[in-house]
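[1] what would the 3D arrangement of this be:
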Amino acid sequence: MPTLNHLYKQGRMTWTAQGRGWISRPEEVLGALATDGFHEFRREMAASPKGLRAGEGAWDGVNLRTRSVASVTWTARPTPEPPVVFIEIDGDFITCPAPTSAER
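    Sure thing, here's the model as predicted:
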């Protein structure tokens, strides 16, 4: 599973100044955070009418080694566009992924 930095480098996570967030698939962002050592402790999904995809959600995770806390929220855009994803780690809004120690 790729890290946040890999998603960014591969163009699977792109910054939108207009939306002030990331255009990406939430599942990929959550998977990347898991690769970076974060473990889910809360997830919420907005209810959606039957047959429509859920467009909004929130997720919180903790890295047990570093004690960092990550929060991710996402909002829907018109289908088939991926949602706008907002990422915070330890209260800092992430606007550009930092390379991991293995990537430095």
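[2] excluding chain neighbours, what is closest to Thr95?
    Nearest residue to Thr95 in three dimensions, chain neighbours excluded: Trp15, at 6.4 Å (Cβ to Cβ, 6 or more residues apart in numbering). In this view, the C-beta of every residue, glycine as well, is placed from N, C-alpha and C.
[3] now that neighbour: which helix or strand?
    strand 14-16 (DSSP states H and E).
[4] just checking: what are the partner strands of that strand?
    Note on strand 14-16: by DSSP bridges, its sheet partners are strand 21-23 (antiparallel).
[5] which SSE is immediately downstream of the strand it pairs with?
    helix 26-35.
[6] tell me what that following helix is packed against?
    Judged by 3 or more Cβ pairs under 8 Å, 6 or more residues apart in numbering; DSSP states H and E, helix 26-35 is in contact with helix 4-9, strand 57-63, strand 69-75, strand 84-89.
[7] next, the buried residues of it.
    Neighbour-count burial for helix 26-35 flags Pro26, Glu28, Val29, Leu30, Gly31, Ala32, Leu33 (criterion: 16 or more other Cβ atoms under 10 Å).
[8] what is the neighbour count of the nearest residue to Glu56 once chain neighbours are set aside?
    Among residues not flanking Glu56 along the chain, Ala46 sits closest, at 4.0 Å (Cβ to Cβ, 6+ apart). A count of neighbours around Ala46, defined by other Cβ atoms under 10 Å, yields 12.
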